[in-house]
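Chemist: what follows is a predicted protein model with its sequence.
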Amino acid sequence: MNFTSAFSRRVWQPSEQPRTASRIVAVSVAVTLTAGVALGIGMMRSYDSKLAAEEKAKAAALTRRETPSSTSTPLPHPPVPHPPVPRTSPSPSGGHDAGPAGLTDPRPRGHKADPAPAPESGLFAAATSHDGASLPFGPRTRANLFVQFAQVRLATQANAACKLRGHYSIGVLDKATVTALTCFQRDNDKRFHGVTARTDGLGRLGRSTMTALLMAHFGTSTSVQGLAPGDRSDEVPWLKNALVWADGVELDNGDIAATGALTKVNIDYLTGGPRPTSAMDSNVQVSLKYYQDVVGLPATSRADSRTLAALHAGRVKSQKTAGVVTAHTLPSPTGRR
């Protein structure tokens, strides 16, 4: 064994001496570096975990601030609209009033927004309804019951110079109808210091002219029998219908239904049909008072001479406003002439 060791030491060259010490140092350095790297990685992971925990805590706090408490005061609900007031009221007696019911809503109509004022020339901008109708009605308005009434009224009026004669299209403001209507407006405005032509335009059928045509039933009188409070007569439906057009700026479904029923009665009256009666009840009196208020007359709630004269003249609520039809449709002509 000693011989082998001695032989080994003798044959080693100087540059081949054992390097055990340097190898130990190298291994120690490597271990130290590895430990340092591992420690650094651990510290970085710990720091990242801490940051993540802080961010999570901040997010949770923000969520708690933005989530409303279960005990907080709820937002108020939108106001519930009032139900519509019925436009008509059948007669309790079940008699002649069963066809045309009561007049329009007795509640003041100030809640309805008036359309923008139109020029005084009478050439109003069209106020279009769902079926293409506009106020005032003109030659392009589709056939309807109200133009038909105007034609029947013009064909049966006492003034021979303005009568509607010959052939005409029922319910349409054709040339013959426009000519007769223009004549009526000029004559009526001269007789009653009226405003139909200035309000609606010559040859146009608007709120003012329709009111005057309905009042023509009473001739030139401003004192009519059967229109006192409590009376029941076949004159009342005419006054009721005139007030619908004079009081209404926005003719909705209820207004058109009310005036449509009354207009059919008026046409029947003029063409030899039945003449149902109606009562001068509290609804009519309220409508009279409202009309008197809006046109600047003493609020007597009676069909007195000044009120009838104003209706003859075609004085209506918001005189400079054409009015608007918001009803879904207009009643069709009945076929009567």
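Modeler: Perfect, I can see it now. Quantities reported herein were computed from a predicted structural model and do not represent experimental measurements.
Chemist: any idea which helix or strand of this structure has the worst average confidence?
Modeler: Using mean pLDDT, DSSP states H and E, strand 127-128 stands out as the lowest-scoring helix or strand of the chain, at a mean of 40.
Chemist: elements contacting the helix or strand just after it?
Modeler: Downstream of strand 127-128, the next assigned helix or strand under DSSP states H and E is strand 134-135. Judged by 3 or more C-beta pairs under 8 Å, 6 or more residues apart in numbering; DSSP states H and E, strand 134-135 is in contact with strand 127-128, strand 324-325. (Glycine included, C-beta is placed from N, CA and C.)
Chemist: which residues are in contact with the very next helix or strand once past strand 134-135?
Modeler: Note on strand 134-135: by DSSP H and E, the next helix or strand toward the C-terminus is helix 145-156. Helix 145-156 has contacts (C-beta atoms under 8 Å, 6 or more residues apart in numbering) with 137, 141, 162-165, 168, 170-173, 177, 180-181, 184, 205, 209-210, 213-214, 216-217, 259-260, 263-264, 266-267, 270-271, 330-334, 336-337.
Chemist: list only those of those flagged as buried.
Modeler: Using 16 or more other C-beta atoms under 10 Å as the burial test, the contacts of helix 145-156 include 137, 141, 162, 164, 168, 170-173, 177, 180-181, 184, 205, 209-210, 213-214, 216-217, 259-260, 263-264, 266-267, 270, 330-331, 333-334, 336 as buried.
Chemist: quick one: the strands in the stretch 101-250 of the chain?
Modeler: 127-128, 134-135, 232-233, 250-251 (DSSP state E, counting those that start in this stretch).
Chemist: returning to what we had before: take the buried ones among the contacts of helix 145-156 and keep only those in helices.
Modeler: 177, 180-181, 184, 209-210, 213-214, 259-260, 263-264, 266-267, 270 (DSSP state H).
Chemist: what is the nearest of those to residue 307?
Modeler: The closest of these to residue 307 turns out to be residue 214 (C-beta to C-beta; 13.8 Å).
Chemist: contacting residues around that closest one?
Modeler: With C-beta under 8 Å, 6+ apart, residue 214 has these contacts: 153, 238, 241, 242, 245, 266.
Chemist: greatest separation within the residues you listed: which pair is it?
Modeler: Among those, 153 and 245 lie farthest apart (C-beta to C-beta), at 13.1 Å.
Chemist: between these two, which one's more packed in?
Modeler: residue 245 (27 against 22; other C-beta atoms under 10 Å).
Chemist: the more buried one and residue 316 touch, don't they?
Modeler: Yes - with contact defined as C-beta atoms under 8 Å, residue 245 counts as touching residue 316 (7.0 Å).
Chemist: which residues are common contacts for those two?
Modeler: With C-beta under 8 Å, 6+ apart, residue 245 and residue 316 have common neighbours 207, 211.
Chemist: hmm, residue 217 is touching residue 262, no?
Modeler: No - here residue 217 does not reach residue 262: they are 11.8 Å apart, not a contact under C-beta under 8 Å.
Chemist: kindly reformat the contacts of residue 214 as JSON lines containing pLDDT and distance to residue 326.
Modeler: Converted to JSON lines, these look like this (pLDDT from 0 to 100; distance: C-beta to C-beta, whole Å):
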{"residue": "153", "pLDDT": "98", "distance to residue 326": "25"}
{"residue": "238", "pLDDT": "98", "distance to residue 326": "25"}
{"residue": "241", "pLDDT": "98", "distance to residue 326": "19"}
{"residue": "242", "pLDDT": "98", "distance to residue 326": "21"}
{"residue": "245", "pLDDT": "98", "distance to residue 326": "15"}
{"residue": "266", "pLDDT": "97", "distance to residue 326": "23"}
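Chemist: as a markdown table, those with distance to residue 308 would be great.
Modeler: What follows is those, written out as a markdown table (distance: C-beta to C-beta, whole Å):
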| residue | distance to residue 308 |
| --- | --- |
| 153 | 17 |
| 238 | 11 |
| 241 | 14 |
| 242 | 9 |
| 245 | 15 |
| 266 | 17 |
